[in-house]
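Engineer: Mind folding the following:
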Amino acid sequence: MSGATLHVGTMPYETTQALLDGSVTFAGVPARVDTADLASDIFRRMVRDREFDVAELGLTVYLRTLGSDESPFVAIPAFPARIFRHSAIFVNTASGISRPEDLAGKTVGEFGMYGQDSGVWAKGMLSDDYGVTPDKCRWVIGGLDRPMPPFDFVPHPHPADVQVEQAPPGRSLGAMLDSGEIDALISSNAPQCVLDGSRHVARLFPDHEVVERDYYRRTGIFPIMHTVVLPRSPVAAHPGLARTVYEAYLAAKNAGMDRYRTGRKVYQVRTMLPWTNALFERNAELFPADWWPYGLDANRATIDTFLRYHFEQGLSARRLTCEELFTPELLGT
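Structural biologist: Numbers count the residues shown, from 1 in each chain. Next up is the predicted model:
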């Protein structure tokens, strides 16, 4: 730990708001909570610079650190970021792609690295449900709305039969998609050309909410993007530290959920989005009462699916198990 204070790096979600505003604490342990504009900045500061005592980390970034000799981090089963990723696949409207199977033979962009969290989930879903495996596409890695080299803080494995290259100097993936230099793009964020209403770009699944709801009904999977990690040495030196951090993240997430539950009484007046209550009630018909669970038991099938995708896509040397990811004291959660 950083002296007597926990230095925490996490993004500003509803799942973490209570940590950021101090309404949830780490069992009385003083904490300094930092955030960033991009999650990848938190990842870099933790993986390359070891800046934090506790940090949010992309699931695939964490898995790549497990492949290193020292395996510097251990995770707790807290998952502050999850999102369905059918909506994360964009296509150029002149590319001839009107259904998922049309991606075969096409050039697809991916932000930051081959196999970011959204990419692992999207590729896995495309393979399972539509037979489009990564080796059937060509992959270009770069920045989304500005030129950027691939992330320099993680290894970049990929199978020998999968063609992966960097975006040309001075070119961003969003601009390349808009111009037709690439046929499709998998991105955790919407490219600016989409936000600007470009006629040249559309989503692969225009009715993505319908498709994603069907996916959840069939699989029970609400895809996990990020977990929370601590350096191994402090966890070993301070018994109970990992559980303290887990319980704080859990309390913060539950506080966010409670805001929606109590907000039903006043028609979610604290939000600016019209019909939020109607969406909440529609979701309640599909999801369990705890629609954003933490702990291993409730998430085992989702994590195991991600681990299968990670192995099938050549990102890990063998198929890992859930027990290898999380600190032993929290395996019963």
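Engineer: Point out where this protein drops to low pLDDT.
Structural biologist: Within the chain, the segments meeting pLDDT under 70 span 1-3, 68-69.
Engineer: Okay, and residue 63 sits in which element?
Structural biologist: If you go by DSSP states H and E, residue 63 is part of helix 59-66.
Engineer: May I have that helix as PDB, with CA atoms only?
Structural biologist: Extracted in PDB, the C-alpha atoms of helix 59-66 (Å, rounded to 0.1, in the frame of the first residue of the first chain):
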ATOM      1  CA  LEU A  59     -10.300  -8.400 -18.200                       C
ATOM      2  CA  THR A  60      -8.200  -9.300 -21.200                       C
ATOM      3  CA  VAL A  61      -5.400  -6.900 -20.000                       C
ATOM      4  CA  TYR A  62      -5.400  -8.700 -16.600                       C
ATOM      5  CA  LEU A  63      -5.300 -12.100 -18.400                       C
ATOM      6  CA  ARG A  64      -2.200 -11.000 -20.300                       C
ATOM      7  CA  THR A  65      -0.400 -10.200 -17.100                       C
ATOM      8  CA  LEU A  66      -1.100 -13.700 -15.900                       C
END
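Engineer: Okay, helices next: where are they in the stretch 201-333 of the chain?
Structural biologist: With DSSP state H, counting those that start in this stretch as the criterion, the stretch 201-333 of the chain has helices at 208-219, 232-237, 241-263, 276-286, 300-312.
Engineer: Let me have those helices in a markdown table, adding mean neighbour count as columns.
Structural biologist: (Glycine included, C-beta is placed from N, CA and C.) Listed next are the helices of the stretch 201-333 of the chain as a markdown table, based on neighbours: other CB atoms under 10 Å:
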| stretch | mean neighbour count |
| --- | --- |
| helix 208-219 | 15 |
| helix 232-237 | 14 |
| helix 241-263 | 19 |
| helix 276-286 | 13 |
| helix 300-312 | 18 |
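Engineer: Distance to residue 155 added to those, as TSV?
Structural biologist: Shown next, in TSV, are these (distance: least, CB to CB, whole Å):
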stretch	distance to residue 155
helix 208-219	29
helix 232-237	19
helix 241-263	25
helix 276-286	38
helix 300-312	13
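Engineer: out of the ones you listed, nearest to residue 65?
Structural biologist: Counting by CB to CB, residue 65 lies closest to helix 232-237 out of those; the figure is 10.4 Å.
Engineer: Check the offset of that closest one from the chain's centre.
Structural biologist: Between the centre of helix 232-237 and the centre of its chain there are 26 Å (CA atoms, centre = their mean, to the nearest Å).
Engineer: Would you mind pulling the contact partners of that helix?
Structural biologist: For helix 232-237, contacts defined as CB atoms under 8 Å, 6 or more residues apart in numbering pick out 1, 53, 71, 72, 73, 74, 241, 242, 327.
Engineer: Most widely separated two among these?
Structural biologist: 1 and 71 (19.5 Å).
Engineer: how does this protein divide into domains?
Structural biologist: 6-82+224-330, 86-219 (automatic domain parsing).
Engineer: can you give me the end-to-end distance of the last one?
Structural biologist: Looking back up the chat, that one is domain 86-219. Domain 86-219 has an end-to-end distance of 14 Å (CA to CA, to the nearest Å).
Engineer: Repeat that for the first one.
Structural biologist: Across domain 6-82+224-330, the terminal residues are separated by 20 Å (CA to CA).
Engineer: give the contact list for residue 50.
Structural biologist: 72, 231 are the contacts of residue 50 under CB under 8 Å, 6+ apart.
Engineer: for residue 159, same thing?
Structural biologist: Residue 159 neighbours (CB under 8 Å, 6+ apart): 134, 135, 313, 314.
Engineer: make it 10 Å
Structural biologist: 114, 133, 134, 135, 312, 313, 314, 315 (CB atoms under 10 Å, 6 or more residues apart in numbering).
Engineer: go on, residue 80?
Structural biologist: Counted by CB under 10 Å, 6+ apart, residue 80 has contacts 10-16, 19, 39, 56, 224-228, 249, 252-253, 256, 292, 294.
Engineer: Write the PyMOL selection for whichever of the residues you listed are buried.
Structural biologist: Only the buried entries of these go into this PyMOL selection, using 16 or more other CB atoms under 10 Å:
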select buried, resi 10+11+13+15+16+19+39+56+224+225+226+227+228+249+252+253+256+292+294
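Engineer: Restricted to strands, list the contacts of residue 80.
Structural biologist: 56, 226, 227, 228 (DSSP state E).
Engineer: what sits opposite the third one in the beta ladder?
Structural biologist: The one in question is residue 227. Listed by DSSP bridges, the beta-bridge partners for residue 227 are residue 57.
Engineer: which helices and strands does the host helix or strand of residue 120 pack with?
Structural biologist: Under DSSP H and E, the secondary-structure element containing residue 120 is helix 117-130. When contacts are defined as 3 or more CB pairs under 10 Å, 6 or more residues apart in numbering; DSSP states H and E, helix 117-130 packs onto strand 54-58, helix 59-66, strand 89-92, strand 107-111, strand 138-142, strand 184-186, helix 208-219, helix 300-312.
Engineer: can you tell me which of these comes nearest to residue 23?
Structural biologist: strand 54-58 (17.4 Å).
Engineer: Using PDB, write down the CA coordinates of the closest one.
Structural biologist: What follows is strand 54-58, C-alpha atoms only, in PDB (Å, rounded to 0.1, in the frame of the first residue of the first chain):
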ATOM      1  CA  VAL A  54      -6.200  -1.000  -6.300                       C
ATOM      2  CA  ALA A  55      -7.100  -0.500  -9.900                       C
ATOM      3  CA  GLU A  56      -9.800  -1.300 -12.500                       C
ATOM      4  CA  LEU A  57      -8.300  -3.400 -15.200                       C
ATOM      5  CA  GLY A  58      -9.700  -4.700 -18.500                       C
END
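Engineer: Understood, closing this out.
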